[in-house]
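Visitor: generate coordinates for the sequence data below:
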Amino acid sequence: MTIVADGLTKRYGSKYAIHDVSFEIQPGTVTGFLGPNGAGKSTTMRSLVGLDRPTSGQGFIDGRPYRELAAPLRQVGTLLDAKAAHRSRTAYQHLRWIAATHRLPKSRIDEVIGITGLSSVAGKKVGGFSLGMGQRLGLAVALLGDPHTLILDEPVNGLDPDGVIWIRNLLKSLSREGRTVLLSSHLLSELSLIADHVVIIGKGRIIADKPLAELVDQPDRIRVRTTRAVKLMEVLVGEQVTREMTDAGTIEVVGLTSEEIAERASRNGIVLTEIGVVPRSLEDVYRDLTRDQVEYGSNVQGNG
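Guide: Numbering: from 1, shown residues only. The predicted structure follows:
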């Protein structure tokens, strides 16, 4: 099932939580949804599944708004609030209640408990769960209907390293089955190991929507070290050149080759103690794209 955001806009008075957000998520892929706090990630995801009513625009799952799906839990699994479970119920009771209301077989409850590693705590009350166990229960709910589409907001939040690896492998295996996975995460290094595609939002607007490989395939960033960094910054100027002093004595440059930097340094009597290409990572790209995307609409709740 394809996930489509078509011009989603959510306005609170004169402030926009999201503005004309549009993208398309294809089956068989894991898509990372990134952005600073307050950029509009949660609002977008909630709008896709009808938990927020957009001011304009629509979200579609397999060509239909979420509210028109015949069997939502069987078609879309969501993890948008891991604390939604009633604290006095056990994990098993919580899953049993959801399964019953959606006419799902009881056998599926034991399956998702096993998949999410909840077997040892299935009989314990949710109120005593750690953050990580709460996340696992939220994932169990998302998987309960064996859906073709998953929309997950920070699914690795609170998980220990083994849990992070587990969910990485789980989501990769689900995408290989042809399922559609959209997830947000602040763990960019982890996301780079799992995502096929990345959508980045800032100040309520989409600022990048590309395959991960294409996103990180940027011009070389050259790192230079010298005791005369301030002077070197002055000579490394140019219309298509960007440079940043990352710490005392270290400059990162885009738009010049190593040879061009070395030649300019030599011409100005500047000795370089180090020069080399810095591999581009998802963290680097994200930092560059969101550098000026400060928290947007922070006075509005639910605008993450």
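Visitor: the chain: strands as residue ranges?
Guide: 3-12, 15-25, 30-34, 56-61, 76-79, 149-153, 180-184, 197-202, 205-211, 221-226, 242-247, 250-254, 272-278 (DSSP state E).
Visitor: would you list those in JSON lines and tack on mean neighbour count, distance to residue 97 and mean pLDDT?
Guide: (Glycine included, C-beta is placed from N, CA and C.) Formatted as JSON lines, these follow (neighbours: other C-beta atoms under 10 Å; distance: least, C-beta to C-beta, whole Å; pLDDT from 0 to 100):
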{"stretch": "strand 3-12", "mean neighbour count": "20", "distance to residue 97": "27", "mean pLDDT": "96"}
{"stretch": "strand 15-25", "mean neighbour count": "20", "distance to residue 97": "30", "mean pLDDT": "96"}
{"stretch": "strand 30-34", "mean neighbour count": "25", "distance to residue 97": "29", "mean pLDDT": "97"}
{"stretch": "strand 56-61", "mean neighbour count": "18", "distance to residue 97": "24", "mean pLDDT": "96"}
{"stretch": "strand 76-79", "mean neighbour count": "24", "distance to residue 97": "16", "mean pLDDT": "95"}
{"stretch": "strand 149-153", "mean neighbour count": "24", "distance to residue 97": "21", "mean pLDDT": "96"}
{"stretch": "strand 180-184", "mean neighbour count": "24", "distance to residue 97": "25", "mean pLDDT": "96"}
{"stretch": "strand 197-202", "mean neighbour count": "24", "distance to residue 97": "34", "mean pLDDT": "96"}
{"stretch": "strand 205-211", "mean neighbour count": "16", "distance to residue 97": "37", "mean pLDDT": "96"}
{"stretch": "strand 221-226", "mean neighbour count": "19", "distance to residue 97": "52", "mean pLDDT": "93"}
{"stretch": "strand 242-247", "mean neighbour count": "14", "distance to residue 97": "53", "mean pLDDT": "90"}
{"stretch": "strand 250-254", "mean neighbour count": "19", "distance to residue 97": "54", "mean pLDDT": "94"}
{"stretch": "strand 272-278", "mean neighbour count": "13", "distance to residue 97": "52", "mean pLDDT": "93"}
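Visitor: can you redo those as a markdown table with distance to residue 118?
Guide: Below are the strands of the chain laid out as a markdown table (distance: least, C-beta to C-beta, whole Å):
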| stretch | distance to residue 118 |
| --- | --- |
| strand 3-12 | 27 |
| strand 15-25 | 28 |
| strand 30-34 | 23 |
| strand 56-61 | 27 |
| strand 76-79 | 14 |
| strand 149-153 | 17 |
| strand 180-184 | 20 |
| strand 197-202 | 30 |
| strand 205-211 | 34 |
| strand 221-226 | 44 |
| strand 242-247 | 44 |
| strand 250-254 | 45 |
| strand 272-278 | 42 |
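Visitor: of these, which is nearest residue 135?
Guide: strand 76-79 (7.6 Å; C-beta to C-beta).
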